[in-house]
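[1] Here is a sequence with its predicted model. Questions after.
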Amino acid sequence: TWRTARDWLQSNRDKGMLWNDNPRLPLAREKWNELNELEQKFIKASTKRRTWLRRRRLGWITATVLTVLGIGGYAADQASNAFYARQTRDEIYLGLMERGDFFRINDVLPDNAQGGVLGYDDDSWWNLVRQEEGSFVLGRVYGKGRVMVLGHEALIAYADEYDEALFMEMALYWLVGDGGSAVTFSTLHEEALPIYHRQPYEKLLSRLVEWQFDVDFVEDLADEYSLSETSVLIVGNAWADFTAEEIAAVEKFVDDGGGLLAAGLGWSWVANGDHGLPDSPQGQAALEVYPMNKLMAPYGVRWTNQPFFGRE
């Protein structure tokens, strides 16, 4: 680190010499207190450069979407068909998230097992993140709205070693749809996200404000006013049942143009859930009563009993 930092200083702080894309940068950040003043300046500049480049990438994506929507909006106006503009926007965002390398699955929760999600209709679901066991993140359009499902609630609050969460930021920009900036979290359904990931969850709430989202919470998902005031509903792996009225209200919210981000962990529910059902090789009986599977049934998706073990 010292030689590189010295060369960087002697080159008049050439940006091309920074470690913004060097795998040694995270290790250097971990050993911050062991670095001398010059090394700290070098690592700080490298981190700042990395963040700027990744932010520019996200800005380019957003600008591309807006440019295409401007063209699509004109065509839609001429044809009196706003569906074209929405479809174009969805395809751009989903395509970029599918091809982007925003995180590795084993980085989300390396010491545990993530889980799989299964979409019934392959033509409707985009397989955004996958590995050999199956799908980890799926996304689809439903009515006028959008749905994304995750194989572990930890991904909602995940940030990488640079404290960046570009995948989730892009996911939320897609989920908000045509407008709005309100993100609402479901509560009082034994959601695992704030219970088992308290510190990352609290950082997420601050990060959402930085991203210029308004944050709110809802206890009763059948409360039409609360859902009508939000753009995206986040359900972070609920283990307490939803009423039929809540499930119907959420479906209407999405169908009318809202965004739904839902995370679950099927194998954990089968093994540890308070369902009172005997275990089976596939855990199908328990999965049938898993609150998240019941909530998401209208969209043709379910969490499975298949664990994804983190690997290098």
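    Cool, the structure landed. Numbering: from 1, shown residues only.
[2] remind me which residues of the stretch 201-312 of the chain are low pLDDT?
    By pLDDT under 70, the low-scoring segments of the stretch 201-312 of the chain are 278-282, 310-312.
[3] Please, where are all the helices along it?
    224-228, 244-255, 266-272, 284-288, 291-296 (DSSP state H, counting those that start in this stretch).
[4] Can you say which of those is packed in most?
    Highest mean neighbour count of those: helix 291-296, a mean of 22 (counted as mean count of other CB atoms under 10 Å). No exception for glycine: its C-beta is placed from N, CA and C like everyone else's.
[5] rewinding a little: if we compare the helices of the stretch 201-312 of the chain, which one ends up closest to residue 118?
    If you check each of the helices of the stretch 201-312 of the chain against residue 118 by CB to CB, helix 266-272 wins as the nearest, at 9.1 Å.
[6] for that closest one, packing partners?
    If you count contacts as 3 or more CB pairs under 8 Å, 6 or more residues apart in numbering; DSSP states H and E, helix 266-272 packs onto strand 113-119, helix 284-288, strand 301-309.
[7] Could you dump the ones you listed into JSON lines with distance to residue 85 added?
    Listed next are the helices and strands packed on helix 266-272 as JSON lines, based on distance: least, CB to CB, whole Å:
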{"stretch": "strand 113-119", "distance to residue 85": "25"}
{"stretch": "helix 284-288", "distance to residue 85": "38"}
{"stretch": "strand 301-309", "distance to residue 85": "26"}
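[8] How many neighbouring residues does residue 8 have?
    Neighbourhood size, residue 8 [other CB atoms under 10 Å]: 21.
[9] How about it: what's its closest non-neighbour residue?
    Distances taken as CB to CB, 6 or more residues apart in numbering place residue 17 nearest to residue 8, at 4.5 Å, with adjacent residues excluded.
[10] Next up, the contacts around the one you found.
    By CB atoms under 8 Å, 6 or more residues apart in numbering, the contact list for residue 17 reads 4, 7-8, 11.
[11] And residue 261, by the same measure?
    148, 150, 156, 171-172, 175, 232-235.
[12] what's the most buried one of the helices and strands packed on helix 266-272?
    Of the helices and strands packed on helix 266-272, the one with the most neighbours on average (mean count of other CB under 10 Å) is strand 113-119, at a mean of 22.
[13] which helices and strands does it pack with?
    strand 134-142, helix 266-272, strand 301-309.
[14] element containing residue 127?
    Counting by DSSP states H and E, the element that carries residue 127 is strand 126-131.
[15] how about that strand as PDB, C-alpha atoms only?
    Written as PDB, here are the backbone C-alpha positions of strand 126-131 (Å, rounded to 0.1, in the frame of the first residue of the first chain):
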ATOM      1  CA  TRP A 126     -37.500 -12.400 -14.900                       C
ATOM      2  CA  ASN A 127     -34.800 -14.500 -13.300                       C
ATOM      3  CA  LEU A 128     -32.700 -11.700 -11.900                       C
ATOM      4  CA  VAL A 129     -30.300 -13.600  -9.700                       C
ATOM      5  CA  ARG A 130     -29.700 -17.300  -9.700                       C
ATOM      6  CA  GLN A 131     -27.300 -20.100  -9.000                       C
END
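[16] and that strand, which residues are buried?
    Under the neighbour-count criterion of 16 or more other CB atoms under 10 Å, strand 126-131 has 126-131 buried.
[17] Which residues does that strand contact?
    For strand 126-131, the surrounding residues in contact (CB under 8 Å, 6+ apart) are 94, 97-98, 105, 119, 135-140, 148, 308.
[18] That strand vs strand 113-119, what angle?
    Angle between the axes of strand 126-131 and strand 113-119 is 150 degrees (criterion: axes from the mean of the first three to the mean of the last three CA atoms, to 10 degrees).
[19] Let the chain start at 463 from now.
    Got it, first residue is 463 now, which makes that one strand 588-593.
[20] so what strands line up beside strand 588-593?
    strand 596-604 (antiparallel) (DSSP bridges).
[21] and the next helix or strand along the chain from the partner strand, average pLDDT?
    Scanning forward in sequence from strand 596-604 by DSSP H and E, the next helix or strand is strand 607-612. In this model, strand 607-612 carries a mean pLDDT of 96.
[22] In terms of helices and strands, where is residue 585?
    Residue 585 belongs to no helix or strand, assigned by DSSP H and E.
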